[in-house]
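>>> build me a structure from this.
(2 chains)
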Amino acid sequence: MPVIAPVDCDAFVVKTAFIGNTAAFACGDGTIRLVGEGETIAKAHEGGLLAAAVSPDGRRIVTSGDDGRVVGVSADGSVSEIASRPRKWIDMVAVAAQGAVAFACGRTAWVVQEGGKEKEYTLSRAVGGIAFAPRGLRLAVARYDGVSLFWVNVDSPEQELSWKGAHTGILFSPDGKYIVTTMQENALHGWRLADQQDMRMTGYPTKVKSMDWSAKGRYLATSGANAAVLWPFHGKSGPMGQQPLQLGVRSDTIVSVVACHPKEEVIAIGYQDGMVLAVRFEDNAEVLLRRPGNAPVSALAWDARGERLAFGTEAGEAGIVSLGE
Amino acid sequence: MTATPEAGSDTKIPVTVLTGYLGAGKTTLMNRILTENHGTRYAVIVNEFGEIGIDNDLLVESDEEIFEMNNGCICCTVRGDLIRTVENLMKRKGSFDAILVETTGVADPAPVAQTFFMDDDVREKARLDSVVTVVDSRHVLKRLEDTEEAEDQIAFADVILLNKTDLVTADELKAVEDRIHSINPYAVLHRTERCGIDLKAVLNRGAFDLDRILSLDPQFLEDHDHHHECGPDCDHDHDHHHHDHGDHHHHHGDLHSVKSISLTAGELNPQVFFRWIGDVTQVQGPNILRLKGIMAFKDDPQRYVVQGVHMIVEGDHQRDWKEGEERVSRIVFIGRELDENALVTGLKACEA
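Modelled structure (predicted):
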């Protein structure tokens, strides 16, 4: 039976993550609650915290805010500044495997290498989302009418992936073969990088705002419908011509966040009404992790072993669910 | 794009859109809103920091980013940067009460307004309160000759500040007012110098709020000494504002510029009316900048109000018709190249 340890957050929970054994709750008021042995509150931003990403090595969480700063926060609550763009609202951030940090605002994206070397990328239209390729050597930028791909260490012309419309979020597949974007329309768009084959994934009643890859990148799980929609990516041609899995179907609410278990074919699903379910892919077996609350679930994250789940909502309700034996 | 009642609209953050041609005095008004003690905390979205000398952590610069939703039709464009900024602001909910959006001097106000109706996420969190346009009394006539944008900004306005009135003669001012009136007869107009106006007349107007569409009678000039507002239950006699609607319609303006068409009819058959207004806005949407109406449906004890921007139309029952109140339907279209005869015939055919 899952046990919930509640965590008090006073503001919109933008992102949850585990830094080792410590659960981090990045909140809209600029603070990060760190819950490990004890509880620490780190003040990451003067104003609001707009975006956060956990480094692939799990050492720190990187956040950006409307104070124009990008900072790294460790499990002990120490805050170190990575970059500062005064008066800009930095609302996109990504961390690469080798430690580089990318951030963006308006029509500009930047990459800061671990040694501090910075590179600036100017785009013709506003950036909708940024993502590093799995090895961190390429940066993908979602924008109006497609995606721009840049090499991080080499000066070379950008590579373009075109698809009409506004692309608002972006992910690489874990094997680096695919790029998927969320769109202003209620749809996803994907490209197979080898041949730029387009993939269109539609049928959502609302915009898709949360995407996550299942263990080994077999499925791409998405929010935006009354069930978590999981597109199969393990076949030769990705999801093309295939039906997605639909897990945790509800009749009266919409999935707001998805987080796949790091090892098993299990997904944690957060809904607009605040409920959280864990669902197994194989047989759709459901376990209730949290009853409906006061606000949409806005963040979900598993720890590395898949034994604990940190959740947060738009109203600042938050907690850690332990799934123990 | 169906007529849906707004549920719980008071929990939504009100948004005021501020437009006006370069040099009209927008920044002056903005600075006043940011510095004066009016009890409302504003998050402000500007196109550039420029001369706004205020250090406010809820002041954000945003590059206008037009998203075309379908086929590039003007009716389906929204401001992508606004969607993003509203989403960002919601992470700090509680630290502000209202949002003010300043557009660039040459901006078409339609995509801004449409964002608050067409994007589901924004619509859920925020509601458009009013479009306020600052006009330079001295230069506006010339601007209107040169540019469509100046005309659009006046056509879209719910409130117009006729600014810099100290720099023109009484006759010139009269000519400017007549011209503005011919484009947009229902905007509330205030004469100002250096945007000197009680901010209550500009903020929290509820101009897009169906409950607050009180009258379609031109309230052409509301200046400081005429500082009187009637609530929905006011039984004040508004008839002294009335034009003579005896000939059922009147219009102003040249063929290709923006004009307003005011139509009146008797009691309508609601089914026929909804089909008609749906067709009109689908077909003529690109040419219709704004529309507002108060409709009398046969056997319906309540007034039905509609308002729209291009192809978007919203409508709802508002309040009971009062005893002795004349049950007439009135609708005003503001737009370009509108086929007036077709509109007159169309509305007439809706009569029950």
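>>> from the chain's centroid, how far away is the longest strand along chain B?
Counting by DSSP state E, the longest strand found in chain B is strand B:126-136. Remark: strand B:126-136 is offset 7 Å from the chain centroid, using CA atoms, centre = their mean, to the nearest Å.
>>> enumerate the residues of the stretch 1-150 of chain A near chain B.
For the stretch 1-150 of chain A, the contact set with chain B under CB under 8 Å from any CB of the partner chain comprises A:11-12, A:14, A:28-29, A:46-50, A:66-67, A:87-89, A:91, A:106-107, A:125-126, A:128, A:144. To be clear about C-beta, it is placed using only N, CA and C from the backbone, and glycine gets the same treatment.
>>> for PyMOL, what selects the buried ones among those residues?
Here is the PyMOL command that selects the buried residues among the residues of the stretch 1-150 of chain A next to chain B (16 or more other CB atoms under 10 Å in any protein chain shown):
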select buried, chain A and resi 11+12+14+28+29+47+48+49+50+66+67+88+89+91+106+107+125+126+128+144
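>>> what helices or strands is the longest strand of chain B leaning on?
The contact analysis (3 or more CB pairs under 8 Å, 6 or more residues apart in numbering or on different chains; DSSP states H and E) places strand B:126-136 against strand B:13-20, helix B:26-35, helix B:109-118, helix B:148-156, strand B:159-163.
>>> other SSEs contacting the first one?
The one in question is strand B:13-20. Partner elements for strand B:13-20 (3+ CB pairs under 8 Å, 6+ apart): helix B:26-35, strand B:98-102, helix B:109-118, strand B:126-136, helix B:148-156.
>>> how far does it sit from the chain's center?
On CA atoms, centre = their mean, the centre of strand B:13-20 falls 10 Å from the chain's centre.
>>> now do it against strand B:159-163, angle only.
40 degrees (axes from the mean of the first three to the mean of the last three CA atoms, to 10 degrees).
>>> can you list the strands that strand B:13-20 pairs with?
When pairs are called by DSSP bridges, strand B:13-20 turns out to pair with strand B:98-102 (parallel), strand B:126-136 (parallel).
>>> returning to what we had before: make TSV from the helices and strands packed on strand B:13-20 and add mean pLDDT, mean neighbour count and distance to B:Val60 to it.
Listed next are the helices and strands packed on strand B:13-20 as TSV, based on pLDDT from 0 to 100; neighbours: other CB atoms under 10 Å in any protein chain shown; distance: least, CB to CB, whole Å:
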stretch	mean pLDDT	mean neighbour count	distance to B:Val60
helix B:26-35	86	19	13
strand B:98-102	93	24	10
helix B:109-118	91	24	15
strand B:126-136	93	25	15
helix B:148-156	90	24	22
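>>> so where's the stretch 1-150 of chain B uncertain?
Within the stretch 1-150 of chain B, the stretches with pLDDT under 70 are B:1-10, B:49-57, B:70-72.
>>> as TSV, the helices and strands packed on strand B:13-20 with distance to A:Gly176 would be great.
Formatted as TSV, the helices and strands packed on strand B:13-20 follow (distance: least, CB to CB, whole Å):
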stretch	distance to A:Gly176
helix B:26-35	47
strand B:98-102	40
helix B:109-118	36
strand B:126-136	39
helix B:148-156	46
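>>> out of these, nearest to A:Leu220?
helix B:109-118 (27.5 Å; CB to CB).
>>> which helices and strands does the closest one pack with?
Secondary elements touching helix B:109-118 (3+ CB pairs under 8 Å, 6+ apart): strand B:13-20, strand B:77-79, helix B:80-90, helix B:120-125, strand B:126-136, helix B:148-156, strand B:302-309, strand B:312-320.
>>> report the angle between it and helix B:80-90.
Using the same axes, to 10 degrees: helix B:109-118 against helix B:80-90 is 50 degrees.
>>> B:His310: what's it in contact with?
If you count contacts by CB atoms under 8 Å, 6 or more residues apart in numbering or on different chains, B:His310 has them with B:Ile74, B:Cys75, B:Ala110, B:Gln114, B:Thr281, B:Gly285, B:Pro286, B:Ile288, B:Leu289.
>>> try it again with 7 Å
For B:His310, the contact set (CB atoms under 7 Å, 6 or more residues apart in numbering or on different chains) comprises B:Ile74, B:Cys75, B:Ala110, B:Gln114, B:Gly285, B:Pro286, B:Ile288.
>>> doesn't A:Gly30 make contact with A:Lys43?
Yes - the pair A:Lys43 and A:Gly30 qualifies as a contact (CB atoms under 7 Å) at a distance of 6.3 Å.
>>> with neighbour numbers in mind, choose between the two.
A:Gly30 (23 against 14; other CB atoms under 10 Å in any protein chain shown).
>>> which residue, other than its chain neighbours, is closest to that one?
A:His45 (3.7 Å; CB to CB, 6 or more residues apart in numbering or on different chains).
>>> confirm for me that the one you found is in contact with A:Arg69.
Yes - with contact defined as CB under 7 Å, A:His45 reaches A:Arg69; the gap is 6.2 Å.
>>> ok, back up a step: of the helices and strands packed on strand B:13-20, which is nearest A:Pro239?
helix B:109-118 (28.6 Å).
>>> what's the angle from the closest one to helix B:148-156?
Going by the same axes, to 10 degrees, helix B:109-118 makes 50 degrees with helix B:148-156.
>>> circling back: which SS class is the residue nearest to A:Gly30?
Secondary structure, DSSP: H, G, I helix; E, B strand; the rest coil: A:His45 is coil.
>>> which residues are contacting the longest strand of chain B?
In contact with strand B:126-136 (CB under 7 Å, 6+ apart) are residues B:9, B:12-21, B:23-26, B:29, B:86, B:99, B:109, B:113, B:116, B:153-154, B:156-164, B:180, B:195, B:202, B:204-208.
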